[in-house]
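In: model the structure of this input:
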Amino acid sequence: MKTFITILLLFLLRTLCYAQTDSVWSTTDKEVKNKIQELRSKKIDTSVCYSVREGFIIPIVVADDSCRARDIKYLCWTDNHQSYIQRFDECKKFDPVMITPSFSKLLTQNYSKIVKGKIKVPEYIAIVKGKKVLVAMDESDGSYTILEIHVGAKTIHKEIDDFDVQTKYVTGKHLNRNYVANQISSLNRLRVLIEKEIKLHYQ
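Out: Purely as a prediction, here's the structure:
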């Protein structure tokens, strides 16, 4: 009987945690969607939403008088030649902050490359039985950068596996043949420009 009660309590706690997490996600998503609609009503139909997703998230119940931001998103856009970034989370309201137009310029000049772009998995050349063999590594740590590019009514969804873009040497000794190409790709450059603004204004 005691075991049954313990299992029941754990189940209820887990249900409460996930309900809270779902609420957190819907709150931030709703704020971002409302902002995008607001921009579109002003004829600003291009924006980029940046967020980071971990592979496994453990829901956390916090005290009523405190708030730990779990779902954080950043929206970037340009209005009348001036670019902005705004943070959204479930704890606090943030005003837009002016940023350099670098991200907007990159997006405009390399739009097709960004849409078609993809970060390649780490690869290296190994010698197997006296022959060169191309080995691909897919050992993601479960952390992804999410870029949602809104252009008109269209949304382009891009996921960048942080393991793929950050790995220069595979297993610490084999040079990743795709490292340089990943670094200079328009998709990764867009990610880097937005992250620089986030660090400058929000960290």
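
In: quick check: pLDDT value at Val128.
Out: On pLDDT, Val128 comes in at 83.

In: show me where the chain has helices.
Out: 2-41, 102-109, 111-116, 162-166, 179-184, 186-202 (DSSP state H).

In: once you drop chain neighbours, what's closest to Ala181?
Out: Excluding the flanking residues, the one nearest Ala181 by C-beta to C-beta, 6 or more residues apart in numbering is Lys120, at 6.7 Å. Using the backbone N, CA and C atoms, a C-beta is placed for each residue, glycine as well.

In: hmm, back to that, for Leu75, find the nearest of the helices of the chain.
Out: Comparison of these against Leu75 by C-beta to C-beta identifies helix 2-41 as nearest, at 5.8 Å.

In: where does the chain have low pLDDT?
Out: Scanning the chain for pLDDT under 70 picks out 1-25, 55-65, 139-141.

In: at 50 what do you get?
Out: For the chain, applying pLDDT under 50 flags the ranges 4-24, 57-61.

In: so Cys91 makes contact with Ala69?
Out: Yes. At 4.7 Å, Cys91 counts as touching Ala69 under the criterion of C-beta atoms under 8 Å.

In: the more surrounded of the two?
Out: Here Cys91 and Ala69 are set side by side on neighbour count (other C-beta atoms under 10 Å), and the busier one is Cys91, at 16 against 13.

In: got the contact list for the more buried one?
Out: For Cys91, the contact set (C-beta atoms under 8 Å, 6 or more residues apart in numbering) comprises Cys67, Arg68, Ala69.

In: got those as JSON lines, with distance to Ala181 columns?
Out: What follows is these, written out as JSON lines (distance: C-beta to C-beta, whole Å):
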{"residue": "Cys67", "distance to Ala181": "41"}
{"residue": "Arg68", "distance to Ala181": "38"}
{"residue": "Ala69", "distance to Ala181": "34"}
